[in-house]
Structures are given as structure tokens and as C-alpha cells.
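Colleague: Show me how the following folds:
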Amino acid sequence: MALYSQPVLEDSLIYWEKQSATYDGVLGGYGSGSLPRVESLGSRKFLLYLLPELSTIPSAARPLKPTQPRRFRALDVGAGIGRVTSDTLLHLVSDVVLLEPVESLIQTALSRGRASAIEPPATNESKLPLQRQKWKGIADGSKSVTFLQGTLQACDPANPMQTATFLGRVGYTPSFPDDDSGFDVIWCQWCLAYMRDVDLVAFLKRSQVALRKEGPGVIVVKENVCSDGEGSVPAVEFDEEDSSVTRSDLHWKKVFRDTGLSLLHEQVQHGLPKGLFMVKMWVSLFLSQV
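Modeller: Sure thing, here's the model as predicted:
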């Protein structure tokens, strides 16, 4: 049993219902500066390093094929107002399933997606603040986002439509159901801090069977990191305000081992404002896939 305070889901949900459903609100007041663009670019580079086949830019060394062999699919959990979906994932994958428990946040994400479906991008789109930009590929129907409301604690990534409430879908509509086709990427960012260790390990284990069988499917975790304890031991810092925990690097690696994950690559997110926790990205596969 852990000797430190663990998150309480109900307390975390109450906290987030009180926060503004804006970039500033979900990013702790850093939504109007450089952080959103720097952070999303770092995530895109990380994902392209893992899955270079997602690249849409040809090079002399690697000319692109005329068409991608299949649609790539991602699950964005604890997705808030859809910031990671719009700014990171839709630039690289075809279809995203977005899961968020907080009513005000998921409704804002749904409104943003629907607005992108009926209004094509502006000619000066790249100069607009990220929150005002239309979602890539939605208006022309080349990409899609499915909106689900539910908690990670209850979510079964292999059957997300059965373990969360379906709110809608925008963009591309397949000619046949694709809800159980598996995911190429399960993206977990700034949300696992609100899970107890036992629930986190259980969620990651459930994610194993949700990865696309033809692979290589990956689970990406991007979270704040505190310092390890004295003598290089795993450590955790508890925040009473939002009922969250910040885990140290060694604690995260213990979670991955407990889950049966093989850590493939890790990277620090650079370029964030001073005074914040370090942010790290880890990518893992289950040992049976390696």
C-alpha cells in the first residue's frame, strides 16, 4: 500500500469543473504564450520519431507513397477541450477518439469540433491563436474525431464506446463501423496525475489489447515529473488543490514495470517556461509485442 496521499477522482472532477474551458484554463494560465505551440511541436516530433510513416512531407531520402496504406487511429484520453487532438494528433493521424470526463471541457471540445466541420480554415489560419484555428481535415471530411465522455478509471480502450457516453462525431464517416479496429496510438497527457497507482496500472494493462494487432501500436505518456527521492528512489508529490500526484521519473518507470510495459524511448520536453515541473514523454510497448 502506498504511504503517500493518492488522488480522489471526485475531488479532481470538482476542481476541473471550476476551471475555464480555454487554453489558459487547461494550461494553468500559460495558454496565451509560447507554451501551446512549443509543447505541441515537441509532441509531433516525438510521435514522428516513433512512427515515421505518419509523415506527410517527402524528402530526398524518403519519398512518400502516393497514398497511405491505411488510416491511422489514435485515442486521446483525458483530452480536455481537445487541445492535443487539434494541435498534435490531427496533424499526423486520420481518426481520433477523444475521451474526457468533465462536462464543461468535453462540451467545449465538441463545440470546437462541430465549428471546424461547418467552417473551412481561414486563409490566415496559421496566424490565429491555436484555440481559434479550425481542426485539420474536419471540414473536408478527410479526418474524423469521435467524442466520448467518461473517466479513465472506467474506460476500456478496447471497447471505448461501451464504457463511455458517445456525444458525437465530426468529419470523415467510414462506410463500415470502425469502433473496434484498434488504435495505433494511445496518447495520455497531463491526465494520469489524477489516477491512483492501482487504477493507472489497471488502465495501462487494459490498453494492451486496444492496440492495433498489425502494429506497431504505441502507448505515449506525457506528464510532469518531480525529483526522485534522496538516494535515487521513486518519489511522489501530492497537490491538495486539484487532488493530483506528480510522480518522479523512477516512480513512472516502476509503474511501467508493474504494468508489464517495455520502455522504448523517453525524452524531455524542452522550451517550456521556467519555474514549471519538468515534462517528460515516454513511449512503451507491452513485452509480448517487442
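Colleague: tell me which element residue 255 falls in.
Modeller: Assigned by DSSP states H and E, residue 255 falls within helix 249-259.
Colleague: Now the host helix or strand of residue 221 - C-alpha only, CSV.
Modeller: Using DSSP H and E, residue 221 sits within strand 218-225. The C-alpha coordinates for strand 218-225 follow below in CSV (Å, rounded to 0.1, in the frame of the first residue of the first chain):
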residue,chain,number,x,y,z
VAL,A,218,2.4,2.6,-29.0
ILE,A,219,1.3,4.0,-25.7
VAL,A,220,2.6,7.5,-25.1
VAL,A,221,2.7,9.1,-21.7
LYS,A,222,3.5,12.8,-21.3
GLU,A,223,3.4,14.1,-17.8
ASN,A,224,5.0,16.4,-15.2
VAL,A,225,7.9,14.9,-13.3
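Colleague: mind listing the strands in the stretch 51-200 of the chain by residue range?
Modeller: 73-77, 95-100, 144-149, 165-171, 185-189 (DSSP state E, counting those that start in this stretch).
Colleague: Any chance of those in CSV with mean neighbour count, mean pLDDT and distance to residue 19 as columns?
Modeller: Every residue, glycine included, has its C-beta placed from N, CA and C. Formatted as CSV, these follow (neighbours: other C-beta atoms under 10 Å; pLDDT from 0 to 100; distance: least, C-beta to C-beta, whole Å):
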stretch, mean neighbour count, mean pLDDT, distance to residue 19
strand 73-77, 26, 97, 18
strand 95-100, 26, 97, 13
strand 144-149, 24, 98, 17
strand 165-171, 17, 97, 20
strand 185-189, 24, 97, 16
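Colleague: Next, format these as JSON lines and append distance to residue 206.
Modeller: Formatted as JSON lines, those follow (distance: least, C-beta to C-beta, whole Å):
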{"stretch": "strand 73-77", "distance to residue 206": "11"}
{"stretch": "strand 95-100", "distance to residue 206": "13"}
{"stretch": "strand 144-149", "distance to residue 206": "15"}
{"stretch": "strand 165-171", "distance to residue 206": "18"}
{"stretch": "strand 185-189", "distance to residue 206": "10"}
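Colleague: Just after the strand holding residue 221, pick out the following helix or strand.
Modeller: Following strand 218-225 in sequence, per DSSP H and E, is strand 236-239.
Colleague: what pairs with the helix or strand that that next one is followed by, and is each one parallel or antiparallel?
Modeller: Next along the chain after strand 236-239, taking DSSP H and E as the criterion, comes strand 244-247. Strands that pair with strand 244-247, judged by DSSP bridges, come out as strand 236-239 (antiparallel).
Colleague: Quick one: distance of the partner strand to the chain centre.
Modeller: Strand 236-239 sits 22 Å away from the centroid of its parent chain (C-alpha atoms, centre = their mean, to the nearest Å).
Colleague: List the contacts of it.
Modeller: 2, 4-6, 226, 244-248, 251 (C-beta atoms under 8 Å, 6 or more residues apart in numbering).
Colleague: Residues touching the helix or strand of the chain with the lowest mean pLDDT, excluding its own?
Modeller: Between all helices and strands in the chain, the lowest mean by mean pLDDT, DSSP states H and E belongs to strand 278-286, at a mean of 88. Residues outside strand 278-286 that contact it (C-beta under 8 Å, 6+ apart) are 39, 42-43, 46, 50, 208, 211, 216-225, 249, 252, 256, 260-269, 272.
Colleague: between that strand and helix 249-259, how big is the angle?
Modeller: 20 degrees (axes from the mean of the first three to the mean of the last three C-alpha atoms, to 10 degrees).
Colleague: and the angle from strand 278-286 to strand 185-189?
Modeller: Strand 278-286 runs at 150 degrees relative to strand 185-189, counting by the same axes, to 10 degrees.
Colleague: Sheet-wise, list the partners of strand 278-286 with their directions.
Modeller: Note on strand 278-286: by DSSP bridges, its sheet partners are strand 218-225 (antiparallel), strand 261-268 (antiparallel).
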